[in-house]
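Trainee: build the 3D model from these lines:
(chains A and B)
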Amino acid sequence: MTDRKYLGIQKVTVNSVDEANVLDVDIRLVTLKYAEDLVEVKFTPNTIYGVGFKPHPKCWLIKIVHDGQSDVWDSYIGDNSKGAMIPNFSVTFDIVKDPAGKVIEVWNAEGNKCFVANRDDLKVEIEQERTPGAIFVVCIGTFTPGYE
Amino acid sequence: MVDTKYKDIQSLRIGYDVTNSEEIATIISHSDKLVSPDGDLVKPFAAINDKSAPDVTHHHRYYLVETVMDGFNREAFFDEQVQAGAEEPELSTRALRQDADNDLIEYLVAKMSKIITGTATVTYESAKAMLSGLHISVSNREGRKYQPTTIRHKVRGTRVEE
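Mentor: As a prediction, the model looks like this:
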C-alpha cells in the first residue's frame, strides 16, 4: 500500500522559473476534445453488456489558479498569434508518505509537449482576500509523478 | 431476506489477482451504478388505453464505478500490472497508460465494512473494467480537509457482492 496524502502545492515551474503564489491545481485526463469521459462502451444490437471499449486519445489538462496573475506565462501566450510550447513544466506538491513523513511529489511533463490553452477566471472584487486567476495548460505528452 | 447496511469503505484493489494488486486505503467514497447510454435501463411499450404495458425493451448497460480517494496512489495506476502474463516491462499492462490505450483490469475489488460486523466484498468481472476518468484536485486554501482524487472505471460485465 503506497497511499500518499497531499498537504498542498509548493510551486509550479515553467521553463525553470518558479511560480509560488498558487491556490489550486487540478490535474485531469481528458480527450483531445477536453472531455473527461475517456472511453465508450460499445454494443451490438442484441448485447446488453457490450462487446468492447473504444478508448479515445487522451492528454493532460492542468488548471492552475493563482492568487492574482504571474508573468511566467506571458512568453507562452500569443494574444494575437500562436503560443510557444513550454520547454519544461512541472508541479511540485507537498505530500505525506507513510512511513517517510513529509516529502515532495513532482509531476514532470515531457519537454516541449505543453502549451497554454487558456487564461481565464480572473476575478478581482472589493473586500475579498483572494483575487484568483486561472491558467489552463495542456500536455500532449507524458506527465508523470515522481518522489523525492 | 438479508439486508446489508454499510459502515464505510475499506479499500479498493487494482491489479490482476489478490496478491498482485495495489491496495488503495485512503478512500473518501466509493459508488457504482448500472447505467445505460440510452437513458433508463428499460423502456415500456405502453399504448393508450392499455391496462398494462405489453412488454419492455431492455437497454444496453454497464457499471460506472466512481471512487474518491484522499491524495493519490501512483503505483495503482502507473506501475501496477493489471493483466497476468505480460512480465516484460515493455509489455506490462497498466490501468493508466499515457502513450497508449488503458488496459483492461483483471482484478478490481472494493471492500466495505458492514455496520454490525464483517466485510462486504464487491468484485467486478475480470478483464471487463477500464479506467475511464482521472481528476486530481489539490488546494492551498485554508480549511481544506481533503485533497481528493476522483477515478472512474467502466465495467461492461458483472458485479458480485459477497
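
Trainee: I figured B:S113 hits B:Y6, correct?
Mentor: Yes: B:S113 lies in contact with B:Y6 (C-beta atoms under 8 Å); the separation is 6.8 Å. (C-beta placed from N, C-alpha, C; glycine too.)

Trainee: mind listing what's buried along stretch B:56-71?
Mentor: B:59-65, B:67-71 (16 or more other C-beta atoms under 10 Å in any protein chain shown).

Trainee: low-scoring pLDDT stretches of chain B, where are they?
Mentor: Residues of chain B that meet the criterion pLDDT under 70 lie in B:45-54, B:86-90.

Trainee: would you list every one of the helices in it?
Mentor: B:74 (DSSP state H).

Trainee: just want the most central residue of it.
Mentor: Among the residues of chain B, the one closest to the centroid is B:V65, at 3.3 Å (C-alpha atoms, centre = their mean).

Trainee: residue boundaries of the strands in the chain?
Mentor: Since no chain was named, I'll use chain A. A:4-14, A:17-19, A:22-31, A:39-42, A:52-55, A:58-67, A:89-97, A:101-109, A:114-120, A:132-139, A:143-147 (DSSP state E).

Trainee: hmm, no, I was thinking of chain B.
Mentor: Counting by DSSP E, the strands of chain B are B:6-15, B:21-24, B:27-35, B:42-44, B:56-58, B:62-70, B:107-114, B:119-124, B:129-139, B:148-155, B:159-161.

Trainee: residues touching the last one, excluding its own?
Mentor: With contacts defined as C-beta atoms under 8 Å, 6 or more residues apart in numbering or on different chains, strand B:159-161 is touched by B:4, B:32, B:63, B:120-125.

Trainee: now render the strands of chain B as a markdown table, adding distance to B:F77.
Mentor: Output for the strands of chain B, formatted as a markdown table (distance: least, C-beta to C-beta, whole Å):
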| stretch | distance to B:F77 |
| --- | --- |
| strand B:6-15 | 7 |
| strand B:21-24 | 8 |
| strand B:27-35 | 14 |
| strand B:42-44 | 35 |
| strand B:56-58 | 34 |
| strand B:62-70 | 11 |
| strand B:107-114 | 12 |
| strand B:119-124 | 16 |
| strand B:129-139 | 7 |
| strand B:148-155 | 8 |
| strand B:159-161 | 21 |
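
Trainee: ok, so of the buried residues of stretch B:56-71, who is nearest B:D17?
Mentor: Closest approach between those and B:D17, by C-beta to C-beta: B:V65, at 18.8 Å.

Trainee: tell me the bridge partners for that closest one.
Mentor: B:D32, B:H153 (DSSP bridges).

Trainee: tell me who's in contact with it.
Mentor: Neighbouring residues of B:V65 by C-beta under 8 Å, 6+ apart: B:30-32, B:108, B:110, B:124, B:129, B:152-155.

Trainee: give me the buried subset of these.
Mentor: The neighbour-count test (16+ other C-beta under 10 Å) marks B:30, B:32, B:108, B:110, B:124, B:129, B:152-155 as buried among these.

Trainee: which one of the residues you listed is nearest to A:I104?
Mentor: Once C-beta to C-beta is applied, the member of the buried ones among the contacts of B:V65 that ends up nearest A:I104 is B:R152, at 27.6 Å.

Trainee: contacts only, for the closest one.
Mentor: With C-beta under 8 Å, 6+ apart, B:R152 has these contacts: B:64-67, B:131-134.

Trainee: how about A:K113?
Mentor: Shown in contact with A:K113 (C-beta under 8 Å, 6+ apart): A:85, A:139-142.

Trainee: do you know how far the residue nearest the centre of chain A is from A:V91?
Mentor: Geometric centre of chain A, nearest residue: A:I62, 1.9 Å, by C-alpha atoms, centre = their mean. Going from A:I62 to A:V91 by C-beta to C-beta, to the nearest Å gives 7 Å.

Trainee: A:V138 too?
Mentor: Distance from A:V138 to A:V91, by C-beta to C-beta: 14 Å.

Trainee: overlap in contacts, these two.
Mentor: Common neighbours of A:V138 and A:V91 (C-beta under 8 Å, 6+ apart) are A:I62.

Trainee: any idea how far stretch A:8-21 is from the chain center?
Mentor: 12 Å (C-alpha atoms, centre = their mean, to the nearest Å).

Trainee: and stretch A:93-105, by the same measure?
Mentor: Distance of stretch A:93-105 from its chain centroid, counting by C-alpha atoms, centre = their mean, is 20 Å.

Trainee: briefly note if that stretch comes near chain B.
Mentor: Yes: under the criterion of C-beta under 8 Å from any C-beta of the partner chain, chain B is reached by stretch A:93-105 at A:93, A:95, A:105.

Trainee: highest neighbour count among those residues?
Mentor: Using other C-beta atoms under 10 Å in any protein chain shown as the neighbour criterion, A:F93 leads the residues of stretch A:93-105 next to chain B with 25 neighbours.

Trainee: ok, that residue - contacts?
Mentor: A:6-10, A:25, A:104-107, B:138.

Trainee: that's all I had, so thanks and see you.
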